[in-house]
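S.K.: Give me the fold of what follows.
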Amino acid sequence: MEMENLLNTNDREIFFTVYEQDVVSRDTGKPIDDGWFKAKDKKMLIRTSYDGDKYLNVVNDKYRVVENREVLVPLQTQMINYFDPLVLEDVKIKDTISANGNVCYAEYIFPKLKHGIETSTGHKTEFGLRFVMKNTFDGKGSVTMWSGLIDFFCTNGTVTGQYDITRKRHSRNFNTDGFISAFEMSMTTHKDAVERYQRYADTKVGSSTKVHQLFDKLTSTKRSDQKRSGGLSDRLFAQWMDEVRVRGDNLFSVQSAMTHYASHGDDGRFDLTKAGDGGTLYKRGDDVTKWLRSDTWKDFVSEVAA
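M.R.: A predicted model of the protein is given here:
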């Protein structure tokens, strides 16, 4: 996608308009007309669409609608101002919208912003920069931005680091300042992450038992997935063995097994259970982010590196 199209909001469905309507009923409330009443403290959200307006949800009257364009346009403007035009020449943008538009994701990948590491097997991995914005219109979720690195060898997306997740609720004082600041800070944290991944690549694990125990602990709360044939821990372990054959026996291979789970939904091992659920991989990514920030992972890294 060329730079001049980064701000083009006309050709992307995700830039739909959301408007509000009264919720009416025959029950008690504020009288409107001919026996109809306006429901107290409630309003209905409707979105525009190429094939007609669509119902989104009923939310609290204090709910602040934040349209996708309100976050994405300032963020994209910052991208244009920050990056060299050559970097923006082939930026890849992927929008994912749930069936009725209640949940939206906008993903930006910058292939030309590459950083690399190398394992003891001689395998080289290049990482590019990746941003994901999530917005919801369900009255519960926040506007969320993830920033991280994507592994171009197998498109494993990783989201780690102190400044890599920013959330803001749909409140009356909502603004985009935090997202812009997070974007700027991510430039530093991503370089730090690449250095950390190289240390992982240089650190031998040496114990398959410890790896399996790690996956058991990390996935202990994913009961629904564990009930499937071949529990999640077992499938992560199988993925780790595949990673070892390519990347070698090191910490980076353990991490890659987890990020593979978050980025592959049709590989025969981590297939999505619900066809067309575009948000599931992002949800998995959120799980993996929590795993990589957990004390369980930190303790494992410290034990292996000792």
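
S.K.: Poorly predicted segments of the stretch 51-200 of the chain, please.
M.R.: 151-164 (pLDDT under 70).

S.K.: what about the strands in it?
M.R.: Using DSSP state E, counting those that start in this stretch, the strands found in the stretch 51-200 of the chain span residues 54-60, 92-97, 103-118, 124-136, 143-151, 156-158, 165-168.

S.K.: how about the ones you listed in TSV, adding distance to residue 250 and mean neighbour count?
M.R.: From N, CA and C alone the C-beta is placed, and that goes for glycine too. Formatted as TSV, these follow (distance: least, C-beta to C-beta, whole Å; neighbours: other C-beta atoms under 10 Å):
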stretch	distance to residue 250	mean neighbour count
strand 54-60	46	17
strand 92-97	29	16
strand 103-118	10	18
strand 124-136	11	21
strand 143-151	14	24
strand 156-158	15	25
strand 165-168	26	18
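
S.K.: Just put those strands in CSV and tack on distance to residue 300.
M.R.: CSV is the format used below for these (distance: least, C-beta to C-beta, whole Å):
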stretch, distance to residue 300
strand 54-60, 41
strand 92-97, 32
strand 103-118, 19
strand 124-136, 21
strand 143-151, 20
strand 156-158, 16
strand 165-168, 22
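
S.K.: so which of those strands gets nearest residue 85?
M.R.: The closest of the strands of the stretch 51-200 of the chain to residue 85 is strand 103-118. By C-beta to C-beta, the value is 10.6 Å.

S.K.: For that closest one, name the packing helices and strands.
M.R.: helix 68-82, helix 85-88, strand 92-97, strand 124-136, helix 177-201 (3 or more C-beta pairs under 8 Å, 6 or more residues apart in numbering; DSSP states H and E).

S.K.: Tabulate those (JSON lines), appending distance to residue 244.
M.R.: Shown next, in JSON lines, are those (distance: least, C-beta to C-beta, whole Å):
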{"stretch": "helix 68-82", "distance to residue 244": "37"}
{"stretch": "helix 85-88", "distance to residue 244": "34"}
{"stretch": "strand 92-97", "distance to residue 244": "30"}
{"stretch": "strand 124-136", "distance to residue 244": "14"}
{"stretch": "helix 177-201", "distance to residue 244": "12"}
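
S.K.: and residue 115, which of those is closest to it?
M.R.: Evaluated with C-beta to C-beta, the helices and strands packed on strand 103-118 place helix 177-201 nearest to residue 115, the distance being 4.2 Å.

S.K.: what helices or strands is that closest one leaning on?
M.R.: Checking 3+ C-beta pairs under 8 Å, 6+ apart, helix 177-201 ends up next to helix 68-82, strand 103-118, strand 124-136, strand 143-151, strand 165-168, helix 251-263.
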